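>>> here's my sequence, what's the structure:
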Amino acid sequence: MNKNLFRASAVAAAAVAFSGIISVSQSASAAQTCSAAGANARIDSMPGTIPEAQLSAPTCVEALPDNKVRGKATVNWGFINDGQSDMTSKRYTSFKVTARLESRVPGGTDVVVTSKTCDLTANINAAPNGAFACLTPSATLDPAKQWSGDATVVYDIEGDNKGPITWQLVGSPLMS
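Numbering: from 1, shown residues only. Predicted coordinates:
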């Protein structure tokens, strides 16, 4: 099978699997609207014998109890061990996600209401696969506005000499 087609299939399968895990793990009291499975997925080639990083990062907006709302970006990662890969070396010198809660009046443009930056460097370097949800502080839900979750990931691959990479994620659909 074509190597790139195999990689794309693996990322799509991982994104669908991660989306299933995320939707099952939500509490019954929180309603959320998230970006489409696979909308925020990529594969990063790593230097040396470190396996490729398969990443997906759905963005969501969640309605919470007590008339609150928050943004969320969940970074899911996996490094496939082929038996010859280096699964213990440092993968990233930095890996940070900034989740944003945005609002807009109908027909207007997005305004950032709250945001939070989460440093996942230690998490992603410590485990061959996992997930981490970066949650914004909550805000009071104004029913006259539309709400969305958005995020940006900035990371630097260890030893590739390319410097930081900015990954602008696809935001969630609007929630009214």
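
>>> list of residues touching stretch 124-138?
18, 21-22, 64, 68-79, 81, 87, 90-92, 95, 97-101, 114-118, 120, 123, 149, 151 (CB atoms under 8 Å, 6 or more residues apart in numbering). C-beta here means a position set from N, CA and C on the backbone, and glycine is covered the same way.

>>> my bad, stretch 151-169
35, 40, 42, 44, 46-48, 57, 59, 71, 73, 75, 89-100, 134, 150, 171.

>>> return the set of buried residues in it.
151-153, 155-158, 167, 169 (16 or more other CB atoms under 10 Å).

>>> that one: end-to-end distance?
6 Å (CA to CA, to the nearest Å).

>>> figure out how far that stretch is from the centre of its chain.
13 Å (CA atoms, centre = their mean, to the nearest Å).

>>> so which helix or strand of this structure has the lowest pLDDT on average?
helix 3-24 (a mean of 41; mean pLDDT, DSSP states H and E).

>>> next, Thr121: phi, psi?
Per-residue torsions, Thr121: phi -50, psi -50 (degrees, to the nearest 10).

>>> and if you look at Ala39?
phi -70, psi -30.

>>> contacting residues for the residue nearest to it when sequence neighbours are not counted?
Using CB to CB, 6 or more residues apart in numbering and skipping residues adjacent in sequence, the residue nearest Ala39 is Val170, 4.4 Å away. By CB under 8 Å, 6+ apart, the contact set of Val170 is 35-36, 39-40, 59.

>>> can you flag which of those belong to strands?
Among these, the members found in strands (DSSP state E) are Thr59.

>>> of the contacts of Val170, grab the buried ones for ChimeraX.
This is how ChimeraX selects the buried members of these, with burial counted by 16+ other CB under 10 Å:
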select :35,39,40,59
